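*Asks:* what would the 3D arrangement of this be:
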Amino acid sequence: MLYKNRQHHAVVVLTEDPNTREENHAVREANISHAIKTMLMANDLPSTDQHGPVSPQSSLNITTQELACQRQAFQHDGFVLFHDAINEPFVSRLQSRLEHVLRGRFDRGKAPDKMPIILNDDYNDRTNYPPLGFHPHNSKKRVIQIINIHKCDATFREIATCSEIGRMVGHLAGWDTVRLAQDQVWAKPPGAPPLVFHRDSPYFMFTPDEVITVWIALDDMSPELGPLEYVKSSHKWGDGRVGSSSSFFQSDNGKNLLYSAAKFEGINDPERSLEIASTAGMRAGGLSIHNGKTWHGSGRNCSSNRPRRGLGLHFIRGDARFTNDARKSKLWNRYIPDIDGIKLDLSKMELQDEDFPLVWKACQDCK
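*Replies:* Numbering: from 1, shown residues only. Okay, here's the model as predicted:
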């Protein structure tokens with residue numbers, strides 16, 4: 001594994017406006033400087049020019065034997081954790097490129113499928129600007145979601161189509177081919193609400209209906225940030241509660257839907273009896289892999305100055321096809337062409353590699 005402890009060298013200098021003479025100006029600026037410096041020390045975004053030719057492929061070196069051992073845990077628990085997976089230089093590239101994307105700077109010539117309002121400021125790789133455009137006096141706590149960032153950014157495309165990650169998914173799931181269905185960036189600013197516990201599978205309208213998600217930490221997951229949490233063995237539950245929610249972010253603890261599903265399974269007192277595993281303690285660059293039917297969610301970001309950023313990669317089998325329900329979905333129907341008003345037989349329509357790249361197939365491992 002290639003993984004190095006971080007060295008933080010963020011320096012923030014705020015100078016007083018010479019045209020401003022109010023006596024409290026210097027005090028206010030000093031308070032802002034202290035708050036920004038605290039956050040930058042935890043979220044340093046060095047220039048991508050310093051990194052050189054860094055790739056995720058070079059830092060993922062997990063053997064087939066290791067994956068075979070993890071597969072038993074994956075089948076039993078519905079998830080596995082790899083605490084040291086992607087090296088720091090590539091994680092820094094992802095952090096930096098996320099800031100550029102949030103400001104509408106796309107290096108692949110197109111926009112992602114969904115993103116928030118573009119930030120307008122003077123961020124660049126050489127100015128230590130707070131992540132996510134966060135400012136200590138900004139009261140907005142809305143969670144940032146970007147869908148299919150790989151379409152607009154080459155660095156995120158590189159990680160989303162990394163064949164080594166595809167190999168890990170294939171071996172854990174027992175698939176011969178692995179295809180990317182979608183990626184999602186979830187970024188919680190300080191004070192952001194909990195993410196409701198849910199399943200991924202109901203949102204993916206493919207057959208076979210198998211989904212595997214790789215979640216990559218883009219920040220060190222201290223407990224106060226609201227790290228991702230998994231309910232052990234919940235992928236074995238039935239569909240008494242489907243596991244989808246119309247509101248991902250809730251003011252409560254985000255577990256009401258989970259507790260309802262547990263009771264459908266005959267689990268008494270789920271508040272006490274469910275075994276929940278946290279990714280707390282995972283360093284930036286660590287990753288988890290979970291079954292699409294595994295219940296998971298995360299708590300509120302209780303930090304006052306640190307965001308919680310993560311990248312989710314959702315994979316399906318290479319031979320997957322859309323279901324008929326995909327025609328009714330705003331998310332998926334854009335990929336289903338109807339020629340001259342004639343509806344295509346979706347069971348025969350192959351997914352296009354530009355939108356749904358094939359990232360791994362078993363024969364790549366053949367010697």
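
*Asks:* which parts of the stretch 201-350 of the chain are helices?
*Replies:* Along the stretch 201-350 of the chain, counting by DSSP state H, counting those that start in this stretch, helices occupy 256-264, 270-273.

*Asks:* the longest one - contacts with which helices or strands?
*Replies:* Helices and strands touching helix 256-264, as assessed by 3 or more C-beta pairs under 8 Å, 6 or more residues apart in numbering; DSSP states H and E, comprise strand 195-198, helix 270-273. Backbone N, C-alpha and C define where each C-beta goes, glycine included.

*Asks:* if you skip the residues just before and after it, what's nearest to the most centrally placed residue in the chain?
*Replies:* Closest residue to the average C-alpha location of the chain: residue 311 at 2.0 Å, with C-alpha atoms, centre = their mean. Among residues not flanking residue 311 along the chain, residue 216 sits closest, at 4.5 Å (C-beta to C-beta, 6 or more residues apart in numbering).

*Asks:* give me the below-cutoff pLDDT ranges for this structure.
*Replies:* 1-55, 57-59, 61, 127-128, 134-140, 242-253, 340-341, 364-367 (pLDDT under 70).

*Asks:* and if we set it to 50?
*Replies:* For the chain, the stretches with pLDDT under 50 are 1-53, 249-250, 367.

*Asks:* helices or strands up against the lengthiest strand in it?
*Replies:* The single longest strand within the chain, with elements called by DSSP state E, is strand 177-188. Helices and strands touching strand 177-188, as assessed by 3+ C-beta pairs under 8 Å, 6+ apart, comprise strand 144-147, helix 154-160, helix 163-173, strand 308-317, strand 358-361.

*Asks:* could you give the angle of the third one to strand 308-317?
*Replies:* The one in question is helix 163-173. 70 degrees (axes from the mean of the first three to the mean of the last three C-alpha atoms, to 10 degrees).

*Asks:* next, the angle strand 177-188 makes with helix 163-173.
*Replies:* 100 degrees.

*Asks:* got the contact list for helix 163-173?
*Replies:* With contacts defined as C-beta atoms under 8 Å, 6 or more residues apart in numbering, helix 163-173 is touched by 56-57, 60, 62, 64, 67-68, 70-71, 74, 80, 159, 175-178, 210, 212, 214, 289, 313, 315, 359-362, 364-365.

*Asks:* of the helices and strands packed on helix 256-264, which approaches residue 331 most closely?
*Replies:* The closest of these to residue 331 is strand 195-198. By C-beta to C-beta, the value is 15.2 Å.

*Asks:* for the closest one, C-alpha coordinates in PDB please.
*Replies:* Backbone C-alpha positions of strand 195-198 (Å, rounded to 0.1, in the frame of the first residue of the first chain) are rendered in PDB as follows:
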ATOM      1  CA  LEU A 195     -28.300  11.200   5.700                       C
ATOM      2  CA  VAL A 196     -31.300   8.900   6.100                       C
ATOM      3  CA  PHE A 197     -30.600   5.200   6.400                       C
ATOM      4  CA  HIS A 198     -31.500   3.500   3.100                       C
END
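
*Asks:* pull out the buried positions in that strand.
*Replies:* In terms of neighbour count (16 or more other C-beta atoms under 10 Å), strand 195-198 has its buried residues at 195-198.

*Asks:* let me know the closest of those to residue 255.
*Replies:* Distances from residue 255 to the buried residues of strand 195-198, taken by C-beta to C-beta, are shortest for residue 197, at 5.3 Å.

*Asks:* out of the helices of the stretch 201-350 of the chain, which is closest to residue 116?
*Replies:* helix 256-264 (24.7 Å).

*Asks:* and the contacts of that closest one?
*Replies:* 196-198, 231, 234, 237-238, 240-241, 243, 245, 250, 270-271, 273-274, 295, 297.

*Asks:* distance from the chain centre to that helix, please.
*Replies:* Here the centre of helix 256-264 is set off from its chain's centre by 25 Å, with C-alpha atoms, centre = their mean, to the nearest Å.

*Asks:* ditto for stretch 187-201
*Replies:* 11 Å.

*Asks:* and it, end to end?
*Replies:* Its first and final residues considered, stretch 187-201 spans 21 Å by C-alpha to C-alpha, to the nearest Å.

*Asks:* mind listing what's buried in that stretch?
*Replies:* Buried residues in stretch 187-201 (16+ other C-beta under 10 Å): 187-190, 192-201.

*Asks:* that older thread, the residue nearest to the centre of the chain and residue 157 touch, don't they?
*Replies:* No. At 11.9 Å, residue 311 does not count as touching residue 157 under the criterion of C-beta atoms under 8 Å.

*Asks:* looking at the sheet around residue 296, what are its partners?
*Replies:* Beta bridges link residue 296 to residue 198, residue 230, judged by DSSP bridges.

*Asks:* let me know whether it touches residue 198 as I believe.
*Replies:* Yes. The criterion here is C-beta under 8 Å, and residue 296 meets it with residue 198 at 7.2 Å.
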